[in-house]
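Colleague: okay, here's the prediction I keep looking at, along with the sequence it came from:
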Amino acid sequence: MSSTLTIGCNKEELVKIRQFTSDMLEEHHVPDLQAHKLVLAVDEVCANLIIHANDCNPSSRIEFDIDFRPKQIVFTFRDKGTGFDINEYESPSMEEIVSSRRQGGLGLMLVKRIMDKIEFSTEKNHNICRLIKMYP
């Protein structure tokens, strides 16, 4: 079963993404702790798309889809912003984070730890990012 939400690219829309994701996970009886992690990952990717890929342009759109498949949940983001393949991002080590007193930029590291698989592609002028979480 698949559910879709389309939002404008401004930070105020993040609350809609979080609520939509939370509601769908609850409807499919995903345990609370797992659901909170998934909402965090979805929120982080969506925030990056809004801020970095689309420059907070409210006329730009992100289409977000949650697909509950046998043994996996697939979260798909589609937009026309500047593409960025999260798989190419190398997470900093803890030593680098502490020594540089880094603020921000840790969200992608969390997304990579929470999700089992991340896919990125570009098709017909759309960037497509898929976050895949396996479950029993």
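Modeller: Perfect, I can see it now. Residues are numbered from 1 along each chain as shown.
Colleague: spell out the residue ranges of the helices in the chain.
Modeller: 14-27, 32-48, 94-100, 107-114 (DSSP state H).
Colleague: show me what the longest one is packed against.
Modeller: When you say that, I think you mean helix 32-48. If contacts are counted by 3 or more Cβ pairs under 8 Å, 6 or more residues apart in numbering; DSSP states H and E, helix 32-48 sits against helix 14-27, strand 61-69, strand 72-79, helix 107-114, strand 126-134. All C-beta atoms are positioned from the backbone trio N, CA, C, and that covers glycine.
Colleague: make JSON lines out of the ones you listed and add mean pLDDT and mean neighbour count.
Modeller: JSON lines is the format used below for the helices and strands packed on helix 32-48 (pLDDT from 0 to 100; neighbours: other Cβ atoms under 10 Å):
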{"stretch": "helix 14-27", "mean pLDDT": "97", "mean neighbour count": "16"}
{"stretch": "strand 61-69", "mean pLDDT": "97", "mean neighbour count": "18"}
{"stretch": "strand 72-79", "mean pLDDT": "97", "mean neighbour count": "19"}
{"stretch": "helix 107-114", "mean pLDDT": "87", "mean neighbour count": "16"}
{"stretch": "strand 126-134", "mean pLDDT": "96", "mean neighbour count": "18"}
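Colleague: would you reformat the ones you listed as TSV and include distance to L5?
Modeller: Converted to TSV, these look like this (distance: least, Cβ to Cβ, whole Å):
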stretch	distance to L5
helix 14-27	5
strand 61-69	5
strand 72-79	11
helix 107-114	19
strand 126-134	15
